[in-house]
Every structure is written in structure tokens, then in C-alpha cells.
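Colleague: below are the sequence and a predicted model for it; my questions follow.
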Amino acid sequence: MKNFHEALLDSRSILRRNPEWVSRGWVDLEAELLLCAAYRQMTGVSLSRIQLFLQMQDPYPQKAWDYLLELSEQRAQGKILQHLTGFQVFLDHEYEVGPDVLVPRPETELLLEYASNTLSSMKYGPILGLEIGLGSGIISIELLSQFPQLKMIASELSPAARARGLKNAYKILGEDRLLLNHLTILPVQDPLEVFCPFEGEMLQLKADFLISNPPYLSSHDLVDSEVFNYEPHQALYAPEGDSLYFYRVIAEEAVKVLKSNAFVFIELPHNRALLIAELFEKRGWRVKIQKDLAGLDRILIARLGAWNG
Ligand code: GLN
């Protein structure tokens, strides 16, 4: 039987067959992640990187080794790392992901950070929030785990994404919160009817905020080939020919479902951030834009009332 170190070398040598992985400097780290993922899949034991280094001379089970070679081959062919490991850590939690949902991005962690900070400074904590496009559930679930009184209503077009978001919610929030209806997931019949799912009896009560990381790419935007080939296009792309679609509809219609001093938190395509800010301002919203770690305009916070209060 091979030991961990030998298995690691095998994975690296497979990943090196892809010149892009080599030039991006991804081989060593990814081989370690795949080594841990295959081991976890076959033994149920999760190893941190430190633990991994401490047990390099220990035997690496044959079954895990077979699986590691398969994962490494698939990764060398360009398959997305998180689709192979099955999860992505986002803020404080591990989310199950797959080809049916967007892999959580670091930019979205910033969206959450700004939303949490703003909502924490409200006089009374937020009671009801809306999310457009639940996906893996990262946004609603992180907010629910931070604000114990909060209820979230989230829309999602894809049945597979709804199932995955719900599974993540059970795992991370526990059953009690779901039995108390703290997360409601609404199906979307027509992607061009953004607010339909929220209307009706759910919103006798208006919400304190709306949050979204909507599909915002246009077919002219440059996209990594692995993203284009393996991530769900309906989670990535705005309707053809109208890349501002979700922003415009939210700027125009969110007032129907929000309290008068509610907030909108939304992730932006940095190259269209100013157009989007303008679109909100023209409809009477006060707007702030926050940059991401690369210094690009990434988050829009909008409010109809005054900023303080
Ligand atoms: N809310 C999810 C996320 O931020 C899904 C977003 C989407 O599918 N566009 O990852």
C-alpha cells in the first residue's frame, strides 16, 4: 500500500499533465485538496492540511488511492475542483456544491459582510429578508445563522438547486429552524417574473431587506473555460441582450415587497457597476458601492430612506 506522500506525488504528476494548472501554480495545493477529499470520501475522516502533513508516512488506503487517481484525472481534464471534492467552505460553514449550483465565490463573502454589518446596526434586528436566487443557499443560510430571529424567503428557478440549498440549510442550521419556517424556498415559474414568487400572502408583511447575487454575466464577458463548461448558465448569465435585467427589475419593483426604509444588497459585475448605480439612483434610491479585495466595484447597497435610522 502507498503512503500519503507517495499518493500525493501520484496526484501531482497527473495534474501536471495540464499545462494551465502548472502555469497557474495550482498543482501542489490542489493535489493536497484532492488527497484529503478522496480520503474523506472513502473513510469519512476529514483531515486539515496540518494533519495531512503530520501523517505523510502513514498508509493511504488502496480504495482512496484509486479514487484519488480518478479525481486527479478529471481535474487535469478541466473539471471544477469543488465538483470533485463536493464542497466549498464559505465564511464559517462548509456547503455541499455540484454542477447544479454556482460554486460560492469570495466576492459573495464580501456581500455578506456588508449586509451583516449594516443589518447589525439596525435599531431592531432584521425580521424578514428576501433573496433572489438561492443557489447553494450560502446567502440566506449565513444570514440565518447570524440573526436568530430572522426569517428568509428565497426564490430559485432550478429544482436541483432548491434541493441542494435545502440540504445545506438542514445541515448547517439544523432541523428546528426549518420546522419553524425560518427558510422558505419559492419556485420560480418564469425567470422574467422576478417578483411573482414573493407576491401574495407571503408578503402581507413587508421585508426589511432584499439581497441577491443575480446572474449578471453577458455573452460578451470573458469567462474561464472551466466556469463556462461546467457551471450552470442560468446562474451565471442574465437574459440575452439585457445584462442589467435583474438590477433594473429590482430597482423598479423591490418597493412592492419592502418596508419604506429597507435595504437592498446586491453583487455587481464591476464593469457595469456605475450604470447599475445610476439605474437605482434614477429611481430614487440612495446608493453606496463597495469594492472587492481586487479593488473592483463589487457590492451595491441601496436604501430608499435616509442612511441613518
Ligand atoms: N445565491 C447563490 C450564490 O450567491 C446563487 C447565485 C446565483 O445562482 N446566481 O452563490
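Modeller: Sure thing, it's come through. Residues are numbered from 1 along each chain as shown.

Colleague: L186 contacts F195, correct?
Modeller: No - using C-beta atoms under 8 Å, L186 makes no contact with F195, being 10.8 Å away. (Each C-beta comes from the backbone N, C-alpha and C, glycine too.)

Colleague: for the chain, just list every one of the helices.
Modeller: Taking DSSP state H as the test, the helices found in the chain are 4-15, 19-23, 27-43, 49-54, 62-76, 81-85, 106-120, 138-146, 159-173, 175-179, 225-230, 233-236, 245-253, 273-282.

Colleague: let me see the contact set for N308.
Modeller: Listed by C-beta atoms under 8 Å, 6 or more residues apart in numbering, the contact set of N308 is empty.

Colleague: quick one: contacts for E73?
Modeller: I14.

Colleague: with the one 5 residues further on instead?
Modeller: By C-beta under 8 Å, 6+ apart, G78 lies in contact with 18, 225-226, 229-230.

Colleague: just the buried members of these?
Modeller: The neighbour-count test (16 or more other C-beta atoms under 10 Å) marks 18, 226, 230 as buried among the contacts of G78.

Colleague: related to what we said a few turns ago, tell me which of the helices of the chain sits nearest to the ligand.
Modeller: helix 233-236 (3.2 Å; C-beta to the nearest ligand atom).

Colleague: list, one by one, the residues from the chain near the ligand.
Modeller: 102, 104, 108, 133-136, 138-139, 213-215, 235 (C-beta under 6 Å from any ligand atom).

Colleague: list the buried residues of stretch 206-222.
Modeller: 207-218.

Colleague: stretch 16-24 now?
Modeller: 18, 21.

Colleague: run the chain-centre distance for that stretch.
Modeller: The chain centre lies 26 Å from the centre of stretch 16-24; the measure is C-alpha atoms, centre = their mean, to the nearest Å.

Colleague: residues in contact with it?
Modeller: 15, 27, 30, 75-78.

Colleague: at 6 Å what do you get?
Modeller: Stretch 16-24 is contacted from outside by 15, 27, 76, using C-beta atoms under 6 Å, 6 or more residues apart in numbering.

Colleague: how about the residue in the stretch 101-250 of the chain that the ligand sits nearest to, what does it touch?
Modeller: At 2.4 Å from the ligand, G135 is the closest residue in the stretch 101-250 of the chain, using C-beta to the nearest ligand atom. By C-beta under 6 Å, 6+ apart, G135 lies in contact with 101-102, 161, 235.

Colleague: just flag the most distant two among those.
Modeller: L102 and A161 (8.6 Å; C-beta to C-beta).

Colleague: show me the residue sitting in the middle of this protein in space.
Modeller: Closest residue to the average C-alpha location of the chain: P104 at 3.1 Å, with C-alpha atoms, centre = their mean.

Colleague: how far away is that residue from Q82?
Modeller: 8 Å (C-beta to C-beta, to the nearest Å).

Colleague: need the overlap of contacts for these two.
Modeller: Q88.

Colleague: thought Y67 was touching A38?
Modeller: Yes - counting by C-beta atoms under 6 Å, Y67 does reach A38; the two are 4.3 Å apart.

Colleague: neighbour count: these two, which is higher?
Modeller: A38 (26 against 18; other C-beta atoms under 10 Å).

Colleague: residue contacts, the more buried one?
Modeller: A38 touches 64, 67-68, 71, counting by C-beta under 6 Å, 6+ apart.

Colleague: 10 Å instead, please
Modeller: A38 sits next to 7, 11, 60-61, 63-72, 84-85 when contact means C-beta atoms under 10 Å, 6 or more residues apart in numbering.

Colleague: again with A207
Modeller: 126-131, 151-153, 198, 254, 257-259, 262-263.

Colleague: what does D224 give?
Modeller: D224 sits in contact with 20, 78, 80, 230-231, where contact means C-beta under 10 Å, 6+ apart.

Colleague: backbone torsions only: list them for it.
Modeller: phi -50, psi 140 (degrees, to the nearest 10).

Colleague: what's the per-residue pLDDT of it here?
Modeller: pLDDT recorded at D224 is 91.
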